[in-house]
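>>> What would the 3D arrangement of this be:
(one chain, ligands or ions: 1)
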Amino acid sequence: MYSPFTPVMDILKAIKKRRSVRGYLNKGIPEQVLDRVLKAARLAPTAANKQPFKLILVTDKQTKSKLVEASKRQAFIAEAPIVVVGCAFPEESYQNVGGTRTSEEIDISIVFDHLMLQAAEECLGTCWIGAFDEQQVKAILNIPPNVKVVGLTPLGYPSGRESKSSKHLERKTLDEIVLYESYK
Ligand SMILES: Cc1cc2nc3c(=O)[nH]c(=O)nc-3n(C[C@H](O)[C@H](O)[C@H](O)COP(=O)(O)O)c2cc1C
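From the prediction side, this is the model:
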C-alpha cells in the first residue's frame with residue numbers, strides 16, 4: 001500500500017551511478033529489463049497529468065545510422081541496441097506554466113530522467129542527445145509537424161570505455177546553485 005512515510009530504496013545510489021555513456025556493447029536488452037525501464041518512464045509526473053508524449057524505440061540498424069547522421073555524426077548512438085526518441089505534443093500539454101509557457105518539453109525531460117535512472121539501476125547506459133537536427137529526425141521517423149522531438153538517448157549495456165572519466169559528477173558546489181529566501 002502507498003505510504004509517504006516509508007522510504008523504499010536508496011535513490012541517491014542510482015542518481016550517482018548514472019552517467020552519460022558514449023560506448024555500448026553489441027548486446028541485446030532482455031524484455032523484462034526493458035519493460036522495467038519503460039515502466040519507470042511511464043510513471044514520470046507531467047503537468048496536470050496530461051502525459052503529452054510518446055517514446056519511439058528504434059532498433060533497425062539503417063534507421064539508427066540515419067539518426068547518427070542527423071545527430072552531428074555521434075557514432076556511439078548507433079552502437080546501442082535501442083535508440084529512444086522523445087516526442088512531445090505541444091497541443092496536448094498544459095498550456096500555462098509560469099503563465100507563459102507550455103509544459104511538453106519539461107514533461108518529457110522528466111520522463112527521460114526517470115528512464116535514465118531506472119536504466120542506471122539495471123546497469124544499462126544512456127546519454128541524453130540534444131545535438132540533433134529536429135527536422136531531419138522527424139523526416140527519418142515520419143513524425144508529424146505538430147510533434148516536437150525533444151531528445152534522444154541510446155539505451156544499452158556500456159562498453160566501459162569511459163568508466164574512469166574523472167569528470168564524472170563534476171558539478172558546481174551547493175553554494176553556487178542554492179540561494180536562500182530571495183535571489184539577492
Ligand atoms: C539537454 C542535454 C543535451 C545533451 N546533448 C548531448 C549530446 O548531444 N551529446 C552528448 O554526448 N552528450 C550530451 N549531453 C550529455 C551531457 O554532456 C552530460 O549530461 C553532462 O556533461 C554531465 O555528464 P554526466 O551525464 O556523465 O553526468 C546532453 C545533456 C543534456 C541534459
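>>> what about stretch 97-104, how long is it end to end?
Start to finish, the residues bounding stretch 97-104 are 10 Å apart (Cα to Cα, to the nearest Å).
>>> how about the residues of this structure that lie near the ligand?
Of all the residues in the chain, those in contact range of the ligand (Cβ under 6 Å from any ligand atom) are 19-20, 22, 74, 127-131, 168. All C-beta atoms are positioned from the backbone trio N, CA, C, and that covers glycine.
>>> quick one: which of those is most hemmed in?
residue 129 (24 neighbours; other Cβ atoms under 10 Å).
>>> so what's it up against?
Residue 129 is in contact with 71, 74, 77, 151-154, counting by Cβ atoms under 8 Å, 6 or more residues apart in numbering.
>>> On the pLDDT front, check the residue lying closest to residue 102 once chain neighbours are set aside for me.
If you skip the residues right next to it in sequence, residue 102 has residue 93 as its closest partner in space, 4.7 Å away by Cβ to Cβ, 6 or more residues apart in numbering. At residue 93, the pLDDT value in this model is 98.
>>> what about residue 93, distance to the ligand?
Residue 93 sits 18 Å away from the ligand when distances are taken as Cβ to the nearest ligand atom, to the nearest Å.
>>> Neighbours of that residue, how many?
Neighbours of residue 93 (other Cβ under 10 Å): 25.
>>> quick one, what contacts it?
The neighbourhood of residue 93, defined by Cβ under 8 Å, 6+ apart, consists of 46-47, 50, 52, 102-104, 107.
>>> Run through the residues that contact the closest residue to the ligand within the chain.
Using Cβ to the nearest ligand atom, the single residue of the chain nearest to the ligand is residue 130, 2.7 Å away. With contacts taken as Cβ under 8 Å, 6+ apart, residue 130 has the following neighbours: residue 151.
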